[in-house]
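1. Provided below for reference: sequence and predicted model.
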Amino acid sequence: MIKAQGITKAFGDLQVLKGVDFNVDRGEVVSIVGASGAGKSTLLQILGTLSRPDSGTLLIDGSDPFVLGDRKLSDFRGKKLGFVFQFHHLLPEFTALENVMMPALIASVPSSEASRMAMSLLETVGLAGRADHKPSELSGGEQQRVAIARALVNSPAVVLADEPTGNLDSATKQEIQGLFLQLRESLGQTFVIVTHDEALAASCDRSLKMKDGLFVAE
């Protein structure tokens, strides 16, 4: 699902990524761990096509996104990639259902179909009964479940998660950890998760460690 080879990225004189090779199979849940400054988030931004590498190649579901112009790259990102962040970034004025619908509406899915897809995903993440609640009426864990459903609404090839349990208490962390694995089983979803959460990392199919811009053996 992802094949990255020789990815480098520098910011001025600081070489952040130093020739990273990274492969992820379809339906695999992979975590990336390492100290702050190791290059994890920079790699995730490149995998998410939010930043271009200085050199190297990236294939996502068999396609090279970086040969596309800006508009087509944005379309590719919206259809092929889902994003989950430490802070859920839900729109406060919209309900859970409307938040989940948003990426589908942006992708020109008819409103009725977007609503059906969003409600199905809220059922999948256990929040069908909270569909008409706004973010301020939801717990932190519920908000993150909505954010995960939103990331899935366009049936992306890959969901990229950056510290998805970093703002949650221990019990809720375990719930979200279980949800990722449940979604892999029920939807065949591929996940790449950057995390400092040791329990979440250990629950993944593979956990890779970054240090000084490269993957290293544990």
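-> All right, it came through fine. It should be emphasised that the depicted structure is a prediction, and the values quoted were computed from it without experimental measurement.
2. give me the number of residues near residue 23?
-> Per other Cβ atoms under 10 Å, the neighbour tally for residue 23 reads 12. Heads up, the C-betas are built off the backbone N, CA and C, glycines and all.
3. sec struct for it, please.
-> strand (DSSP: H, G, I helix; E, B strand; the rest coil).
4. OK, contacts around it?
-> Residue 23 is in contact with 2-4, counting by Cβ atoms under 8 Å, 6 or more residues apart in numbering.
5. residue 126 too?
-> residue 145.
6. go on, the one 5 residues further on?
-> For residue 131, the contacting residues are 95-97, 118-119, 122, by Cβ under 8 Å, 6+ apart.
7. how about a cut-off of 10 Å?
-> For residue 131, the contact set (Cβ atoms under 10 Å, 6 or more residues apart in numbering) comprises 95-100, 115, 118-119, 122-123, 146.
8. kindly reformat those as TSV containing secondary structure, neighbour count and pLDDT.
-> Listed next are the contacts of residue 131 as TSV, based on DSSP: H, G, I helix; E, B strand; the rest coil; neighbours: other Cβ atoms under 10 Å; pLDDT from 0 to 100:
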residue	secondary structure	neighbour count	pLDDT
95	coil	20	95
96	helix	29	95
97	helix	21	96
98	helix	18	95
99	helix	26	94
100	helix	31	94
115	helix	18	95
118	helix	28	94
119	helix	18	94
122	helix	23	93
123	helix	13	89
146	helix	27	92
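9. how close does residue 62 sit to residue 190?
-> From residue 62 over to residue 190 the distance is 13 Å, taken as Cβ to Cβ, to the nearest Å.
10. now the end-to-end length of stretch 41-58.
-> With Cα to Cα, to the nearest Å as the measure, stretch 41-58 spans 16 Å from end to end.
11. what's the pLDDT at residue 136?
-> With respect to pLDDT, residue 136 scores 92.
12. beta partners of the spatially most central residue of the chain?
-> Taking Cα atoms, centre = their mean, the centroid of the chain lies closest to residue 160, which sits 2.0 Å from it. As for beta bridges, residue 160 partners with residue 83, residue 192 under DSSP bridges.
13. which pLDDT value belongs to it?
-> For residue 160, pLDDT reads 92.
14. isn't it up against residue 29?
-> No - using Cβ atoms under 10 Å as the test, residue 160 is too far from residue 29 to be in contact (11.9 Å).
15. shared neighbours of those two, which are they?
-> 190-193.
16. against which helices or strands is the strand or helix carrying residue 31 packed?
-> Per DSSP states H and E: residue 31 is located in strand 29-33. Secondary-structure packing of strand 29-33 (3 or more Cβ pairs under 10 Å, 6 or more residues apart in numbering; DSSP states H and E): strand 14-24, helix 40-47, strand 158-162, helix 170-187, strand 190-194, helix 198-203, strand 206-211.
17. okay, that strand in CSV with CA atoms only?
-> Output of strand 29-33 as CSV, limited to C-alpha atoms (Å, rounded to 0.1, in the frame of the first residue of the first chain):
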residue,chain,number,x,y,z
VAL,A,29,-1.2,-1.6,11.2
VAL,A,30,2.3,-0.1,11.6
SER,A,31,3.6,2.2,14.3
ILE,A,32,6.6,4.5,14.2
VAL,A,33,8.2,5.4,17.5
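18. in the least confident helix or strand in the chain by mean pLDDT, which residues are buried?
-> Sorted by mean pLDDT, DSSP states H and E, the helices and strands of the chain end with helix 170-187, the least confident at a mean of 81. Under the neighbour-count criterion of 16 or more other Cβ atoms under 10 Å, helix 170-187 has 172-177, 179-180, 183-184 buried.
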